[in-house]
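Trainee: turn this into a structure:
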Amino acid sequence: MRPHDDIAAVDGRLLDELTTIVSAAAAAILAARAGSLEVRAKADLSPVTAADHAAEALILEGLARLLPGMCVVSEEAAGCAPPDRIPGSFVLVDPLDGTRELLAGRDEFTINVALVSGGSPRLGIIAAPAWGVLWRGIVGRGAERLRLAPGAPASGAHERSAIRSRPSPRSGLIAVVSRSHLEPQTQALLARLPIADRRACGSAVKFGQIAEGSADVYPRLSATCEWDVAAGHAVVVAAGGAVVTPEGAPLTYGRVFESFRVPAFVAWGDPSAVSRFDGPAPAQSPLR
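Mentor: Predicted coordinates:
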């Protein structure tokens, strides 16, 4: 695939090749986890480990081979040398989403890879290495969940299931929320929804749960980065859901002048819920 090709035309072969690259990175993370993680703090005081760097190196090498000349924005590399401009099509990579969960001994960490075209994610892959699970999808073509041993090629999946997000249940919504970033604004939004159950967990596994229909809404009203969101955005939309701003507007990607920040978002399993929800309450009256 040439760099100027339209990513919207991606096919199953490319999805499989990207999945195999992500699977190799998953194996590298687990190998690093079993040894010395060599933890250090980045400029923003967030942790980075040998696992982050090992996964990123494998993914960047694989992408250079598979998509030569394609612009790639990856968390650790972008932190060191952010690109000056972003073309219409590019790749967003988070080589290890949930480093804090990894360091805490939890299994809720992922690898996120998304292909973006025209400001929107078109393809997404989320791998949960410790679970041997991978969610993936192409917008307009559907989404699926794979059971894939880290390091195995995509063809080696021993379970493959098509997934769909679900309509909002009458019994109330299942909300998934960040274990580390549940701030008052998100709490206020949740208080205005018919929530039947709330589950806290780390990383992009929450998008996978929305896409497979085991949860209904994932709000985050604090800032995060595009590489944390884009892959999950693509998988949720491919599965029939929606990922929008709290006001229901589209999310756009490639915001280099905003340091690739996403101010806030809500992932919905049922897109019709977007029109029924009138956005976050005003700050002075969060529970109106």
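Trainee: now for this protein: which helix has the highest residue count?
Mentor: Using DSSP state H, we find that the single longest helix of the chain is helix 12-33.
Trainee: next SSE downstream of that helix?
Mentor: strand 40-41 (DSSP states H and E).
Trainee: what's in contact with that next one?
Mentor: Strand 40-41 has contacts (Cβ atoms under 8 Å, 6 or more residues apart in numbering) with 47, 48, 49. Using the backbone N, CA and C atoms, a C-beta is placed for each residue, glycine as well.
Trainee: what does stretch 174-182 give?
Mentor: Contacts for stretch 174-182 (Cβ under 8 Å, 6+ apart): 100-101, 108, 186, 190, 193, 195-202, 206, 209-210, 214-220, 222, 224.
Trainee: quick check on those: which are buried?
Mentor: Buried by 16 or more other Cβ atoms under 10 Å: 101, 108, 186, 190, 193, 201-202, 206, 209-210, 215-220, 224, out of the contacts of stretch 174-182.
Trainee: next step: the residues you listed restricted to strands.
Mentor: Here DSSP state E is the test, and those give 201, 217, 218, 219, 220, 224 as lying in strands.
Trainee: list the contacts for the first one?
Mentor: This means residue 201. Shown in contact with residue 201 (Cβ under 8 Å, 6+ apart): 108, 176, 178, 179.
Trainee: quick one: which of these is nearest to residue 263?
Mentor: residue 178 (14.9 Å; Cβ to Cβ).
Trainee: still on that earlier bit, looking at the ones in strands among the buried ones among the contacts of stretch 174-182, point me to the pair that's furthest apart.
Mentor: Once Cβ to Cβ is applied, those give 217 and 224 as the farthest pair, at 16.5 Å.
Trainee: now the closest residue to residue 113 other than its chain neighbours, what's its secondary structure?
Mentor: Distance criterion Cβ to Cβ, 6 or more residues apart in numbering; nearest residue to residue 113, sequence neighbours excluded, is residue 125 at 4.7 Å. Per DSSP: H, G, I helix; E, B strand; the rest coil, the secondary structure class of residue 125 is strand.
Trainee: and the pLDDT for residue 125?
Mentor: pLDDT, residue 125: 98.
Trainee: in the sheet, who's paired with it?
Mentor: Residues in a beta bridge with residue 125, per DSSP bridges, are residue 113, residue 136.
Trainee: what's the local residue count around it?
Mentor: 25 (other Cβ atoms under 10 Å).
Trainee: do I have it right that it meets residue 115?
Mentor: No: contact criterion Cβ atoms under 8 Å: residue 125 and residue 115 do not qualify, at 9.2 Å.
Trainee: what comes up buried for stretch 140-159?
Mentor: 143, 144, 145, 146, 148, 150, 151, 152, 154, 157.
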